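Colleague: Build me a model:
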Amino acid sequence: MELKDKIIQAAFDLFAEKGFEKATVSEIINLAGSSKGGFYHHFKSKDEILEAITSRYIDELKTDYEKLLQHQQRSTIELWNHIFTQLIEYKLSKIPEWPKMRKIFSFNGNHIILKNFASQFEVMTTELYTQLILQGVREGVFHVKHPKMLAGLWSREMIRVVSICRKLIFSTDVEAYEEFEMLLAFNEDLINRELGVSSNMIQVKEVALQYVQQSRKRLEHKEEFDD
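Modeller: Below you'll find the predicted structure:
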């Protein structure tokens, strides 16, 4: 493992244990087995390491998405559906890290880092959906007048969907769940219509609801295991 990666991992472990504000640069240097000069060669401050931690998630997803786009055996519509499924599977895989992430980002001013993360994610997914829409248009599968605008709209809506999913995972509000189901049905109708394809070719509702249910089960299982 390169020194930079060791520093990021050491910082992640310390931030998760003590919180971002209480962990010190000296502790990170010691845990990473770095010199002071080695640390400052890669990072100017703890803030930069925190940005690197959030960017790591973006980089992981970007790598997965790029692999998907290179999968020539899937049709454009299959790729579109698989992208959302891949995002959900990725988020499910990160459930064990949720307590650590809550600890890491529990500090004053955390909204700046989180906003930057959301912005990076939106840019990445907009570029991805733009590529897919243009590919579908070339193939005659999609019929879209403004590909990039639609891609941006859809990216923001998927971010909203995932955010609501996260809230519902920890909620027993039946009315909120039913409203979410209606939102998902609306989104499915909207994207299929805007892409100019048959109803339900692009799927959102089933995948999103499965994410909520599977997350609840995994968290329940983890609590039983912890007890």
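Colleague: only C-alpha atoms for contact and neighbour calcs from this point on.
Modeller: Noted.
Colleague: Which stretches in this protein count as helices?
Modeller: Ranges of helices within the chain are 3-18, 25-32, 36-42, 46-69, 76-93, 98-104, 110-139, 147-169, 174-195, 205-226, based on DSSP state H.
Colleague: Deepest-packed of those, please.
Modeller: Most buried of the helices of the chain, by mean neighbour count (mean count of other Cα atoms under 10 Å): helix 3-18, with a mean of 19.
Colleague: who does that one touch, helix- and strand-wise?
Modeller: On a contact count with 3 or more Cα pairs under 8 Å, 6 or more residues apart in numbering; DSSP states H and E, helix 3-18 meets helix 25-32, helix 36-42, helix 46-69, helix 98-104.
Colleague: remind me which residues of the protein are low pLDDT?
Modeller: Scanning the chain for pLDDT under 70 picks out 71-72, 221-227.
Colleague: thinking again about what came up before, for Phe84, which of the helices and strands packed on helix 3-18 is the nearest?
Modeller: Closest of those to Phe84 is helix 46-69, at 10.0 Å (criterion: Cα to Cα).
Colleague: CA-only coordinates of the closest one in CSV, if you can.
Modeller: Taking C-alpha atoms only, helix 46-69 is exported to CSV below (Å, rounded to 0.1, in the frame of the first residue of the first chain):
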residue,chain,number,x,y,z
LYS,A,46,-7.0,16.9,8.0
ASP,A,47,-9.6,18.6,5.8
GLU,A,48,-7.8,17.4,2.7
ILE,A,49,-7.8,13.8,4.0
LEU,A,50,-11.5,14.0,4.7
GLU,A,51,-12.0,15.2,1.1
ALA,A,52,-9.9,12.2,-0.1
ILE,A,53,-12.1,9.8,1.9
THR,A,54,-15.3,11.1,0.3
SER,A,55,-13.6,11.2,-3.2
ARG,A,56,-12.6,7.5,-2.7
TYR,A,57,-16.3,6.5,-2.8
ILE,A,58,-16.8,8.5,-6.0
ASP,A,59,-13.8,6.9,-7.6
GLU,A,60,-15.0,3.4,-6.7
LEU,A,61,-18.4,4.0,-8.2
LYS,A,62,-16.8,5.7,-11.3
THR,A,63,-14.6,2.6,-11.9
ASP,A,64,-17.6,0.3,-11.6
TYR,A,65,-19.7,2.5,-14.0
GLU,A,66,-16.8,2.6,-16.5
LYS,A,67,-16.7,-1.2,-16.5
LEU,A,68,-20.4,-1.4,-17.1
LEU,A,69,-20.2,0.9,-20.1
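Colleague: Many thanks, we can stop here.
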